[in-house]
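1. Model the structure of this input:
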Amino acid sequence: MMVDDSVIALFRSRLSEMGWEALESGLRTDEIMKPHTSFRVGGPAQIYAEPSSTEEIAALISCARELGIPFFLMGNGSNLVISDEGIDGLVIRLGENFSAIRSEEDPENSEYTYIYASAGTLLTRLSSFAAKAGLTGLEFASGIPGSLGGAVFMNAGAYDHDMSEVLEKVIAISSSGEVETVGKEDLQLGYRSSRFMKEGGIVTEAVLRLKKGDPEQIFSQIKEYTEKRTKSQPLQYPSAGSMFKRPAGYYTGALIEQAGLKGFSVGGAQVSEKHAGFVINTGNATASDIDALVRKIQATIKEKNGVELVREVRFIGRGFDS
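-> Next comes the predicted model:
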């Protein structure tokens, strides 16, 4: 639902009335989303904000709900395809303004340390922070391009490890707008899924518990993962990583390659010739190109193998179902 200009003006006015003048002054309208996604596609967001605290996020959401403005929260944009036509309503992006990190030794067990990090913190930065502190458990995240909030939301992982192994608790804004603390046992973490994906809510901060390790071994493991990624993934092209969730009993890339789709293109979108599980932007792809190519892949694999490929990447905005 597109938001009328008068409602946007009222949104600004309401934020100021609530005492959030600095937040209001930082709002942007018709912000092109292409630079904010790893796929480098996407039209304008009607209203765009980059808050710097949980309280600012809560204020934006409260005001948006009051005025009936739809809102969408994003992190680094590394798991998104945003419509060429843009996004209605408010986009709240957790970026550099929301990326604080600190650590504290576990008072009950000196072998472990807690890391407290804001949701906009890049996983690469978080992994590096842990490694420099001699903490093990986040080596797998060293090459994942997303942010912490998105990683919790989808229980991101790589190389047979995921966030469920290190998460201790999460600070979030519930679907009703309340700030809450959610313990590990209540996060409902599964393969690329979490409580937030199923029930809604916004991750604003996460607490991780990591064990002290051998710095040399930690950096060696990170180097090994980096070399594997460089060798097997098309990192030189804009993409969103693996396009599909892995179907039980199959390897997605192998299915797509065996179907003869490796290198297949629609416009500027292409099935990577280096790794068929990746869809890449060869330079001039549109969101529509990517969507059409993904539909082609899904239909082909369904016809040839009877396998339903489920998108891991989220398609957001006007014209997309999700």
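2. Enumerate the positions of stretch 276-292 that are buried.
-> For stretch 276-292, the neighbour count (16 or more other CB atoms under 10 Å) marks 276-281, 285-291 as buried. C-beta here means a position set from N, CA and C on the backbone, and glycine is covered the same way.
3. now swap in stretch 198-205 and tell me
-> Those would be 201, 202, 203, 204, 205, for stretch 198-205 by 16+ other CB under 10 Å.
4. Rebuild those residues as CSV, extending it with secondary structure.
-> Output for the buried residues of stretch 198-205, formatted as CSV (DSSP: H, G, I helix; E, B strand; the rest coil):
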residue, secondary structure
201, coil
202, strand
203, strand
204, strand
205, strand
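5. What's the local residue count around residue 154?
-> By other CB atoms under 10 Å, 22 other residues sit near residue 154.
6. from the buried residues of stretch 276-292, which ones fall inside helices?
-> Mapping the buried residues of stretch 276-292 onto helices (DSSP state H) picks out 287, 288, 289, 290, 291.
7. residue boundaries of the strands in the stretch 101-250 of the chain?
-> 101-105, 112-118, 135-136, 157-158, 161-162, 167-173, 179-183, 202-212, 239-242 (DSSP state E, counting those that start in this stretch).
8. who's in contact with the next helix or strand along the chain from the last one?
-> When you say that, I think you mean strand 239-242. Counting by DSSP states H and E, the next helix or strand C-terminal to strand 239-242 is helix 252-258. Residues outside helix 252-258 that contact it (CB atoms under 8 Å, 6 or more residues apart in numbering) are 242-247, 262, 271, 275-278, 297, 301, 305, 307, 309.
9. Buried subset of the residues you listed, written for ChimeraX?
-> Burial among those is assessed by 16+ other CB under 10 Å; the matching ChimeraX selection reads:
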select :242,243,244,245,246,262,271,275,276,277,278,297,301,307,309
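10. what stretches of the stretch 201-322 of the chain score poorly on pLDDT?
-> For the stretch 201-322 of the chain, residues meeting the criterion pLDDT under 70 lie at 321-322.
11. what about the closest residue to residue 195 other than its chain neighbours, neighbour count?
-> Sequence neighbours aside, residue 188 is the residue nearest to residue 195 in space, at 4.0 Å (criterion: CB to CB, 6 or more residues apart in numbering). Residue 188 is flanked by 15 other residues according to other CB under 10 Å.
12. Also residue 56?
-> Residue 56: 21 surrounding residues under other CB under 10 Å.
13. related to what we said a few turns ago, which of the strands of the stretch 101-250 of the chain is buried the deepest?
-> strand 239-242 (a mean of 23; mean count of other CB atoms under 10 Å).
14. Give me the contacts around that strand.
-> 37-39, 78-81, 144-145, 233, 252, 272, 277-281, 312-313.
15. Paired strands for it, with orientation please.
-> Paired neighbours of strand 239-242 in the sheet (DSSP bridges): strand 278-281 (antiparallel).
16. Pull the strand it pairs with out as CSV, backbone CA atoms only.
-> Extracted C-alpha coordinates of strand 278-281, given in CSV (Å, rounded to 0.1, in the frame of the first residue of the first chain):
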residue,chain,number,x,y,z
PHE,A,278,24.4,-18.8,-7.0
VAL,A,279,22.5,-16.3,-9.1
ILE,A,280,24.6,-13.3,-10.0
ASN,A,281,24.2,-9.8,-11.4
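17. which outside residues touch it?
-> 39-41, 233-234, 237-243, 253, 268-272, 290, 293-294, 297.
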